[in-house]
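**Q** Prediction below, plus the sequence it came from.
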Amino acid sequence: MPKAILPHGFLENRGGYLYIDGVSAIEIAEKFDTPLYILIERRIRENFRRLKSALLKHYNKVRVYYSAKANTSLTVLKILEDEEAYLDAVSPGEVFLALKAGFQPDRILFTGTSVRDDELEFLIKHGVTINIDSLSQLRRLLKMHVPEILSFRVNPEIGAGHHEHVITAGRNSKFGIWEKDIVDVYRIALEAGVKRFGIHMHIGSGILSVEPFLLAAEKLLQIAHQIRKELNITFEFMDFGGGLGVPYRPDEKPIDLEDFASRMLSLFKSRAEEYGLGGPFFCVEPGRFIVCDAGILLTRVNTVKITPYKKFIGVDAGFNTLIRPAMYGSYHPIIVANKLNEPESEMYDVAGPLCESGDLLARDRLLPEIQEGDLLAILNAGAYGFSMSSQYNSRPRCAEVLVKDGKYSLIRERETLDDLIRGQRIADWLQ
Ligand code: LLP
């Protein structure tokens, strides 16, 4: 029978117990209660540096934008600001948080969709770079203000991703500007007085092979060429989006970073030169790749229920805490933090506390024999975990802790019952 596999060096098996960068999972679960998200500072930094240095080996004008939506905790943003990351934001809220964490506005690129006028005003006021998603958004922006620099999101008509919901380019996609309109939007911006330009795409999320990136990049470069020829515009930056996948299932392999970097950059350098694009920065904007495997969700078993058909483990985290299994059918590795040396001998469904049948963190999962009180560690929970959590079923959101080399620090307090009524009022005629 296989035993728990630990995916990287910051997770350790000490005598059957899980340690997360030198901190006992059992100890922090007792101290801060469960469910509890743990983030590993050194793994966040390592992931960021692995990607940036792989790219810098091939080209010296590289920018890595951290896509904040994956995890918007202030501490995570602060760590990445300290790493000199740039930042991809999609809402005024993400811009606000990034500014609070110390990002300079000119390091923030806003890529929104269905953007309101007051949101545009907010972006103008704070001086962040705007990446335009539609002709409508462009017209409304230029009526208010002509920025010095502007970027446009292109739909390169090639999409990819781990689930239909996360494919963000192609025929049915709501995102980006189509090739047939692209020269027009740059022309409108140029004639309005915009001086510096970027160009952008993002094809989807959770992509483990290099091919879709290459195909879409080729298309984006051709589109940039067309703009260059027709309007004589060069580009300050070209952003090839996020989407770099991380393995979740035991049979998935990590994307080969060196292969990604060398093939993307050799294509980019040759075309950018051939098309006279003006030596732009090569940019990517990953979220998942930076934080996914730096996050662990700890959840306690409160119930073991054997039915004629199934063995259920009832835990205290449901899709209010981690929605990915319910929303995308995603697989997250699960290990038992206090039973790492025990053979995985039983098949369980891991169920949350919500009143919905879809509230399962895993189905038919082989685990050691479980008792009430055991502590499960749901791995790869650092991206789109806390940031997609909710108060559904009126459960306060959980706490987050940062660990670093044997130290730990509470970075987000657990919500209380009072948080459930914060901002609510009973209508005056009912009082
Ligand atoms: N840039 C843009 C414009 C995006 O829309 C996204 C993600 C990213 C960058 C970062 O993608 P990443 O590198 O993290 O794959 N909730 C889903 C993922 C949704 C991603 C949406 N856009 C999940 O849990 O799998």
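**A** Received the coordinates, thanks. Numbers count the residues shown, from 1 in each chain.
**Q** Touching, I334 and I378? I think so.
**A** Yes: the pair I334 / I378 is scored as a contact, 5.5 Å apart, by Cβ atoms under 8 Å. C-beta coordinates here come from the backbone N, C-alpha and C atoms, glycine included.
**Q** Give me the more crowded residue out of these two.
**A** Legend: neighbour count by other Cβ atoms under 10 Å for I334 and I378, higher for I378 (26 against 22).
**Q** does the residue lying closest to that one once chain neighbours are set aside sit in a helix, a strand or a coil?
**A** Spatial nearest neighbour of I378, excluding adjacent residues (Cβ to Cβ, 6 or more residues apart in numbering): L297 at 4.1 Å. Under DSSP: H, G, I helix; E, B strand; the rest coil, the three-state class of L297 is strand.
**Q** Pull up the gap between L297 and P396, please.
**A** Remark: distance between L297 and P396 (Cβ to Cβ, to the nearest Å) = 16 Å.
**Q** For these two, indicate the residue with more neighbours.
**A** Applying other Cβ under 10 Å to L297 and P396 shows that L297 carries more neighbours, namely 28 against 15.
**Q** Return the residues of the stretch 51-200 of the chain in contact with the ligand.
**A** Within the stretch 51-200 of the chain, the positions adjacent to the ligand are 67, 69-70, 88, 111, 166, 168 by Cβ under 6 Å from any ligand atom.
**Q** what about 8 Å?
**A** Contact residues (Cβ under 8 Å from any ligand atom) of the stretch 51-200 of the chain with the ligand: 65, 67, 69-70, 88, 90, 111, 153, 161-163, 165-166, 168, 175, 200.
**Q** related to what we said a few turns ago, which neighbours do I334 and I378 have in common?
**A** Shared contacts of I334 and I378, defined by Cβ atoms under 8 Å, 6 or more residues apart in numbering, are found at L361.
**Q** Longest helix of this protein, counting residues only.
**A** helix 211-231 (DSSP state H).
**Q** Restricted to strands, list the residues of the stretch 51-200 of the chain next to the ligand.
**A** 65, 67, 88, 111, 153, 200 (DSSP state E).
**Q** Isn't the fourth one up against D88?
**A** Yes: because the distance of 6.1 Å satisfies Cβ under 8 Å, T111 is recorded as touching D88.
**Q** Report the separation between the most centrally placed residue in the chain and G358.
**A** Most central in the chain under Cα atoms, centre = their mean is A70, positioned 2.6 Å from the mean C-alpha point. Distance, A70 to G358, by Cβ to Cβ: 23 Å.
**Q** one step back: ranking the ones in strands among the residues of the stretch 51-200 of the chain next to the ligand by neighbours, who comes first?
**A** Neighbour max across these (other Cβ under 10 Å) = D88, 29 neighbours.
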